[in-house]
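S.K.: I would like the atomic coordinates for the input below:
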Amino acid sequence: MTKWILLAVGTLLLIPAAWHLIFEPMRPTDSDVACRSLIYIPASQFRQHSAITFTFTSPNDAAWKRIRHSWGDPSFAIVHASGNSLAGETQHCFDPFDVRVRQGRRDVPLEEAGGIYLFTSDYGGYPDRCKSIGKIFRVAPGSTVQIGVEIRKEQLISDTELIIWPYWPDMKDKLVGLSLDRDLPVERWAALVGLVLMLLVGLLLLREKYARNMPSSRGNISA
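M.R.: I've put the predicted structure just below:
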């Protein structure tokens, strides 16, 4: 009876490792992919035109499939920012912009964005000082949308840009969880214990088989 309990426990402990083999987990570099601007339009374009239109395709490569499997589908935030590196990004008021997102003939719903994790803010007093600090929208992986932006140039801050950024409301928790997974690879230890238990069950079965054969071997010698 004991060996079957050990076999069941060992099998259960191997399931997480098997799951990770089938659905590849996030790699260390995937968090950098998830914390990166997907569209970058410098302010120089805003000063030349009062309205611009561009296309955006929701990423769906191998890295993004791993990210979605681990973190779920993101929204995409359209924000007014400055600075080209993650450490130096600043999020500004979105009031100079009116945005419309369309997929074919259909308008894609827009919601108000919150502050982007790891960005510094330049919208103190929101919502008193700023009516908006960004817009978010959702589209299926691989889908392409048309984004139209109208600009009120008199409200535009110099040396800024319009960016599209992957957006999860609980981004901080996701990054902390990913860090813990790297430091404490639980599924690896579980798989190791599971293999040891199954090896132990195999040894017990061999011992039982050997024990069953022992009486007949002695009887043959006596005869």
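
S.K.: phi and psi next, for residue 63.
M.R.: Backbone dihedrals for residue 63, given as degrees, to the nearest 10, come out at phi -60, psi -40.

S.K.: domain assignment for the chain?
M.R.: Following automatic domain parsing, one gets these domains for the chain: 1-25+170-206, 35-169.

S.K.: strands along the protein, start to end?
M.R.: Under the criterion DSSP state E, strands of the chain are mapped to 39-42, 51-57, 75-82, 90-92, 97-103, 106-107, 111-112, 120-121, 135-137, 144-151, 161-167.

S.K.: quick one: low-confidence parts of the protein?
M.R.: Per-residue confidence of the chain (counting by pLDDT under 70) places the weak regions at 1-24, 84-88, 124-128, 154-155, 177-198, 200-205, 209, 213-223.

S.K.: what about the helices in it?
M.R.: Taking DSSP state H, the helices of the chain run over residues 2-22, 30-34, 43-48, 62-71, 171-183, 186-222.

S.K.: now do the contacts for the closest residue to residue 82 other than its chain neighbours.
M.R.: Taking C-beta to C-beta, 6 or more residues apart in numbering as the measure, residue 82 lies nearest to residue 160, with 4.5 Å between them; neighbours along the chain are not counted. To be clear about C-beta, it is placed using only N, CA and C from the backbone, and glycine gets the same treatment. Applying C-beta atoms under 8 Å, 6 or more residues apart in numbering, one finds that residue 160 lies in contact with 43, 80-82, 92.

S.K.: look up how far residue 50 lies from residue 43.
M.R.: Relative to residue 50, residue 43 is positioned 13 Å away (criterion: C-beta to C-beta, to the nearest Å).

S.K.: what of residue 132?
M.R.: Separation of residue 132 from residue 50 (C-beta to C-beta) stands at 19 Å.
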